[in-house]
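Visitor: sequence? don't have it. structure:
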């Protein structure tokens with residue numbers, strides 16, 4: 001039987017795996033959009049190819065998360081790391097719309113497998129020693145690590161592109177190769193540090209696999225039933241529709257609008273490396289401030305305030321008329337994006353239990369991916385018909401209304417009071 005990690009050891013492993021998962025992403029956060037363009041795709045083709053990811057995630061989130069809840073978080077997370085490696089290799093060798101579409105679909109499989117097991121694994125370990133404990137402080141720390149690791153990766157990516165030691169190939173190739181290599185390293189670290197307690201699956205070996213296959217559909221039905229019957233959970237998950245629409249502004253339209261303001265895609269591409277690095281740095285800062293704010297005003301009030309300010313920041317990004325103002329508004333908006341994330345996740349964890357935790361997280365993720373994949377093309381049509389600024393302002397204003405869906409959670413938090421113990425201190429355990 002696998003030894004259960006102490007809360008401190010589990011927290012360290014959780015944050016380590018967060019770093020190894022997201023640091024490689026920083027290497028390609030700017031290059032991923034430019035790479036297919038260099039391979040001959042148009043902007044619309046590139047966005048369409050990668051939109052396959054969102055629809056695959058929507059289709060697979062519940063089956064994969066149900067399997068994770070029934071079979072175990074660790075094996076599913078290992079498979080996700082393997083698929084991530086395959087996806088990165090396909091991106092590197094892709095040279096047509098359909099090969100990039102295959103890469104997008106593989107990324108969808110990866111994200112569906114990846115979206116819930118790691119967090120569910122950590123929370124389950126904490127709840128073994130302190131049932132019902134909040135995890136907002138560690139989730140805030142995780143978001144800080146996530147943002148900081150992507151920021152550092154973005155800086156390294158810019159250095160690798162400037163170095164360009166492969167003169168016969170694109171300067172974008174080296175960071176892509178390093179990204180793939182680091183994805184392999186992440187898999188190895190997962191195998192070494194992620195030890196899972198058998199808190200909700202008692203069988204082992206072939207019996208465990210057979211039972212998990214039978215149990216997964218049951219877990220999925222229970223998750224959907226929770227969404228239908230739990231007003232608080234339903235509101236939290238539906239926030240993703242508004243949030244993901246706002247994300248189109250600062251994830252997709254930011255470089256497009258920057259190119260309009262600085263005179264071209266190449267000029268904007270040169271700026272996006274350092275801009276993305278600082279953006280993820282302020283994301284990490286926002287995540288750290290979320291933990292402080294939640295102690296003072298509560299988790300739900302912090303989530304509401306973050307949602308409103310993030311949406312207003314997206315509106316301002318569409319209204320400003322110069323590159324410096326656009327970048328400043330982007331930093332503000334991204335900081336609030338970092339603040340909102342850990343609070344939203346903490347609210348989800350309050351409504352889940354060990355048996356369905358990954359399913360709840362994945363329901364939230366699938367709604368977000370579907371909303372992004374649908375809203376992005378629609379906003380693109382609006383941008384083509386009117387202009388980019390109109391699309392950005394529309395998406396940002398729509399995003400603000402998502403804050404109202406947190407009101408049931410706010411009422412539940414007031415009723416909850418001090419009934420649930422505080423999160424385990426990072427210093428506790430051995």
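Guide: Nice, thanks for sending it over. Keep in mind that this is a model prediction, so the values were computed, not measured. Numbers count the residues shown, from 1 in each chain.
Visitor: how far is the host helix or strand of residue 128 from where the chain is centred?
Guide: Using DSSP states H and E, residue 128 maps to helix 117-129. Centroid separation for helix 117-129 versus its chain: 18 Å, with CA atoms, centre = their mean, to the nearest Å.
Visitor: in terms of secondary structure, what does that helix contact?
Guide: helix 7-28, helix 43-71, helix 73-93, helix 136-163, helix 323-350, helix 357-385 (3 or more CB pairs under 8 Å, 6 or more residues apart in numbering; DSSP states H and E). (C-beta placed from N, C-alpha, C; glycine too.)
Visitor: just want the angle from the fifth one to helix 357-385.
Guide: Using axes from the mean of the first three to the mean of the last three CA atoms, to 10 degrees, the direction of helix 323-350 lies 150 degrees away from that of helix 357-385.
Visitor: just the buried positions in helix 323-350, please.
Guide: 323, 326-327, 329-350 (16 or more other CB atoms under 10 Å).
Visitor: contact partners for residue 141?
Guide: 11, 15, 287-288, 291 (CB atoms under 8 Å, 6 or more residues apart in numbering).
Visitor: again, 10 Å this time
Guide: 11, 14-15, 18, 135, 284, 287-288, 290-291, 342, 426 (CB atoms under 10 Å, 6 or more residues apart in numbering).
Visitor: which positions in the helix holding residue 128 come out as buried?
Guide: Buried-residue list, helix 117-129, by 16+ other CB under 10 Å: 117-128.
Visitor: try stretch 29-49
Guide: 29-36, 39, 41, 45-49.
Visitor: other SSEs contacting the helix or strand where residue 109 lies?
Guide: Per DSSP H and E: residue 109 is located in helix 97-114. Contacts defined by 3 or more CB pairs under 10 Å, 6 or more residues apart in numbering; DSSP states H and E place helix 97-114 against helix 31-38, helix 43-71, helix 73-93, helix 357-385.
Visitor: now do the buried residues in the last one.
Guide: Going back to what we said before, that points to helix 357-385. 357-376, 379-380, 382-383.
Visitor: let me see the mean pLDDT of it.
Guide: Across helix 357-385, pLDDT averages out at 82.
Visitor: what residue ranges in the stretch 51-200 of the chain are flagged as low confidence?
Guide: Counting by pLDDT under 70, the stretch 51-200 of the chain has low-confidence residues at 62, 65-66, 69-70, 131-133, 136, 197-200.
Visitor: thinking again about what came up before, taking helix 73-93 as reference, get the angle to the helix holding residue 128.
Guide: 160 degrees.
Visitor: quick one: the residue nearest to the spatial centre of the chain from residue 20, how far?
Guide: Geometric centre of the chain, nearest residue: residue 115, 7.4 Å, by CA atoms, centre = their mean. The gap separating residue 115 from residue 20 is 17 Å, by CB to CB, to the nearest Å.
Visitor: cool, and residue 56?
Guide: Residue 56 is 24 Å from residue 20, by CB to CB.
Visitor: kindly report the same for residue 382.
Guide: Taking CB to CB, one finds residue 382 at 39 Å from residue 20.
Visitor: what's the nearest residue to residue 87 if we skip its chain neighbours?
Guide: Leaving aside its sequence neighbours, residue 87 sits nearest to residue 106 (CB to CB, 6 or more residues apart in numbering; 4.0 Å).
Visitor: contacting residues for the one you found?
Guide: Residue 106 neighbours (CB under 10 Å, 6+ apart): 52-53, 56, 83-84, 86-91.
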